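Student: got a sequence here, can you model it:
(one chain, ligands or ions: 1)
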Amino acid sequence: MDAFRIVGGHPLRGTVRISGSKNAALPILFSSLLGGEFTLRNVPCLRDIRTTLSLLRQLGAHTEHLDPPATSPSEWTGTISISDRQTPDYEAPYDLVRTMRASVLCLGPLLARKRRARVSLPGGCLIGARPIDMHLKAFEKMGARITIHHGYIDAETDGLVGAEIALPYPTVTGTENILMAAVLARGTTTISNAAEEPEVADLAHFLMARGARISGAGTSTLRIEGVEALCETGYKIMFDRIEAGTFLVGAALLGDSVRIEGVDPAPLASILDVLLAMGAEPRIEEEAITLGAIRKPVGTSVRTLPYPGFPTDMQAQILPLMATASGPSSMIETVFENRFTHVMEMNRMGAEIEIHGSQALVRGGSRLEGAIVMASDLRASAGLVLAGLVAEGETEIKRVYHIDRGYEAIERKLELLGARIKRVQEDQP
Ligand code: EPZ
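Tutor: Residues are numbered from 1 along each chain as shown. Now for the predicted structure:
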């Protein structure tokens with residue numbers, strides 16, 4: 001298994017270009033099951049994207065990487081053409097869903113187009129129970145019959161019909177699943193209390209570019225009038241705001257001026273607000289943000305919330321900054337019930353963080369020291385990388401396969417900024 005070895009304390013300087021968004025690319029790729037053809041640009045090269053493409057191929061899609069660069073041995077280009085050949089396959093097996101929960105995003109489009117879906121029920125995961133009851137209730141309201149047997153969801157319909165869906169919580173993949181189903185359903189669907197995350201809006205804009213009739217993209221009320229079929233299009237996936245946020249925190253910890261390019265500052269507002277409260281002085285341009293280390297970071301209080309609130313996917317990364325800031329900080333996690341597994345590892349590096357239920361109380365003023373630590377999920381890994389960058393001495397982060405699910409070449413990007421980080425085999429001397 002791969003590990004990262006980091007020698008901390010080296011300043012970061014230069015420019016980093018942010019990749020396409022994982023959480024926007026995933027639903028957009030799954031929407032290929034609605035049929036037709038399209039080309040996507042800015043698709044990040046990530047393990048979750050490869051898993052999705054292989055599931056889509058099993059379900060009958062044809063995927064092609066366009067213009068492979070002659071100089072690169074990799075077939076990956078970031079531009080993918082995808083078409084659906086309408087095979088009778090409709091099953092997402094356990095082996096794939098187990099490795100990637102987002103596979104449940106095939107339910108909506110399969111039901112809409114093939115009128116049948118069989119998808120392994122995703123179990124709980126380390127960060128929480130993560131049920132999908134809201135997705136299933138909405139599909140039932142739209143005319144699907146759903147049964148769960150032997151760990152599989154079996155869903156079928158004689159044809160989905162539009163419905164009024166009032167979500168009890170603005171679930172992100174739930175909103176995306178219902179939106180994809182509604183695009184080909186008969187009649188009008190309204191989703192109220194819909195997730196407002198920019199990635200949901202990106203999916204809506206993509207579907208609109210394919211001829212879907214959607215109003216309210218990016219707001220909490222989506223109105224979708226079903227159409228017969230979607231048309232061909234080309235589309236550029238939005239930037240990854242969580243990757244951008246991670247580099248922003250890296251710059252706030254160690255930046256000797258880091259320019260973060262390829263971003264739209266608006267969806268980063270809640271992250272920038274926290275950094276500003278801690279003393280950051282970012283220079284914000286139309287498509288770039290430049291930031292240096294905060295000279296005297298001060299503690300602050302943060303609560304994770306659905307967009308436009310502070311994202312739960314940035315909670316682990318902000319903790320090393322809170323740990324080294326002067327004065328106490330607090331972090332309340334309201335989205336997932338068990339998303340503090342990185343805290344014990346950060347404490348082994350010298351942070352002083354106490355967990356009280358859904359709240360982490362950070363003492364502040366700690367000097368972090370390198371240690372051997374274990375990554376437990378994607379964003380926890382990113383938090384540990386940032387802790388390792390600022391810690392004194394060497395940190396080894398085990399199980400970094402988690403980070404490969406969601407960060408494109410993070411160690412190369414950091415190395416280019418001057419970090420001492422290398423990928424090694426675990427236990428390699
Ligand atoms: C999406 O997960 C993201 N995943 C997550 O990204 C992100 O952390 C999360 O939204 C919150 O922003 C993708 O976009 C692929 P939710 P999702 O449904 O859709 C409860 C990352 O690191 N809930 O909005 O699964 C649920 O248990 C990740 O990239 C129900 O109870 O999140 C949770 O407590 C991991 N019933 C809360 O809602 C349901 O039917 C929010 O979950 C659905 C959700």
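Student: quick one, helices of the stretch 1-150 of the chain?
Tutor: Using DSSP state H, counting those that start in this stretch, the helices of the stretch 1-150 of the chain run over 22-30, 47-58, 94-99, 107-114, 133-141.
Student: mean pLDDT for the ones you listed: which is lowest?
Tutor: Mean pLDDT values for the helices of the stretch 1-150 of the chain show the minimum at helix 94-99, a mean of 84.
Student: do that one and the ligand meet?
Tutor: No. Applying C-beta under 6 Å from any ligand atom, one finds helix 94-99 separated from the ligand by no less than 12.6 Å. (C-beta placed from N, C-alpha, C; glycine too.)
Student: and that helix, what does it pack onto?
Tutor: helix 47-58, strand 116-120 (3 or more C-beta pairs under 8 Å, 6 or more residues apart in numbering; DSSP states H and E).
Student: which residues touch that helix?
Tutor: 51, 54-55, 58, 103-104, 119-123, 151-152 (C-beta atoms under 8 Å, 6 or more residues apart in numbering).
Student: reformat the helices and strands packed on helix 94-99 as JSON lines; add distance to the ligand and mean neighbour count.
Tutor: Below are the helices and strands packed on helix 94-99 laid out as JSON lines (distance: least, C-beta to the nearest ligand atom, whole Å; neighbours: other C-beta atoms under 10 Å):
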{"stretch": "helix 47-58", "distance to the ligand": "8", "mean neighbour count": "19"}
{"stretch": "strand 116-120", "distance to the ligand": "14", "mean neighbour count": "21"}
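Student: in contact with residue 30, which residues are there?
Tutor: If a contact means C-beta under 8 Å, 6+ apart, then residue 30 has 52, 56, 102, 105, 106, 109, 180 as its contacts.
Student: just residue 188 next, same as before
Tutor: Residue 188 touches 162, 223, 224, 225, 226, counting by C-beta under 8 Å, 6+ apart.
Student: quick check: the first one vs the ligand, distance?
Tutor: What that stands for is residue 162. 20 Å (C-beta to the nearest ligand atom, to the nearest Å).
Student: do you know how far that residue is from residue 212?
Tutor: Plainly put, residue 162 is 13 Å away from residue 212 if you go by C-beta to C-beta, to the nearest Å.
Student: neighbour-wise, which of these two wins?
Tutor: residue 212 (24 against 20; other C-beta atoms under 10 Å).
Student: my read: the more buried one touches residue 227, true?
Tutor: Yes. Using C-beta atoms under 8 Å, residue 212 is in contact with residue 227, at 6.2 Å.
Student: overlap of the contact sets of these two?
Tutor: Counting by C-beta under 8 Å, 6+ apart, the common neighbours of residue 212 and residue 227 are residue 183.
Student: and the contacts of residue 30, which is closest to the ligand?
Tutor: residue 102 (4.0 Å; C-beta to the nearest ligand atom).
Student: tell me who's in contact with that closest one.
Tutor: 26, 27, 30, 48, 52, 173.
Student: go through the helices and strands packed on helix 94-99 and name the closest to residue 389.
Tutor: Distance to residue 389, taken as C-beta to C-beta, is lowest for helix 47-58 among those, at 22.4 Å.
Student: so which elements touch the closest one?
Tutor: Packed next to helix 47-58, using 3+ C-beta pairs under 8 Å, 6+ apart, are helix 22-30, strand 61-65, helix 94-99.
Student: give me whichever of the ones you listed is most buried.
Tutor: helix 22-30 (a mean of 26; mean count of other C-beta atoms under 10 Å).
Student: tell me how this protein divides into domains.
Tutor: As given by automatic domain parsing, the domain ranges for the chain are 2-16+239-425, 22-236.
Student: for the ligand, what are the nearby residues on the stretch 101-250 of the chain?
Tutor: 102, 128-135, 169, 171-174.
Student: and those residues, which is closest to residue 397?
Tutor: Using C-beta to C-beta, residue 128 comes nearest to residue 397 of these, at 22.6 Å.
Student: least confident secondary structure element in this protein?
Tutor: In the chain, the helix or strand scored least confidently by mean pLDDT, DSSP states H and E is helix 94-99, which has a mean of 84.
Student: kindly format the C-alpha coordinates of that helix as CSV.
Tutor: Provided in CSV are the C-alpha atoms of helix 94-99 (Å, rounded to 0.1, in the frame of the first residue of the first chain):
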residue,chain,number,x,y,z
TYR,A,94,-21.9,-4.9,-4.4
ASP,A,95,-18.3,-4.9,-5.4
LEU,A,96,-18.5,-1.5,-7.0
VAL,A,97,-21.0,0.2,-4.6
ARG,A,98,-18.8,-1.0,-1.7
THR,A,99,-15.8,0.9,-3.1
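Student: same question for stretch 406-424, mean pLDDT?
Tutor: Taken as a whole, stretch 406-424 carries a mean pLDDT of 96.
Student: helix, strand, or coil at residue 307?
Tutor: The three-state label given to residue 307 by DSSP: H, G, I helix; E, B strand; the rest coil is coil.
Student: what about it, how many residues nearby?
Tutor: Residues near residue 307, counting by other C-beta under 10 Å, number 20.
Student: thinking it is in contact with residue 194, fair?
Tutor: No. In this structure, residue 307 is not within contact of residue 194 by C-beta under 8 Å, at 10.8 Å.
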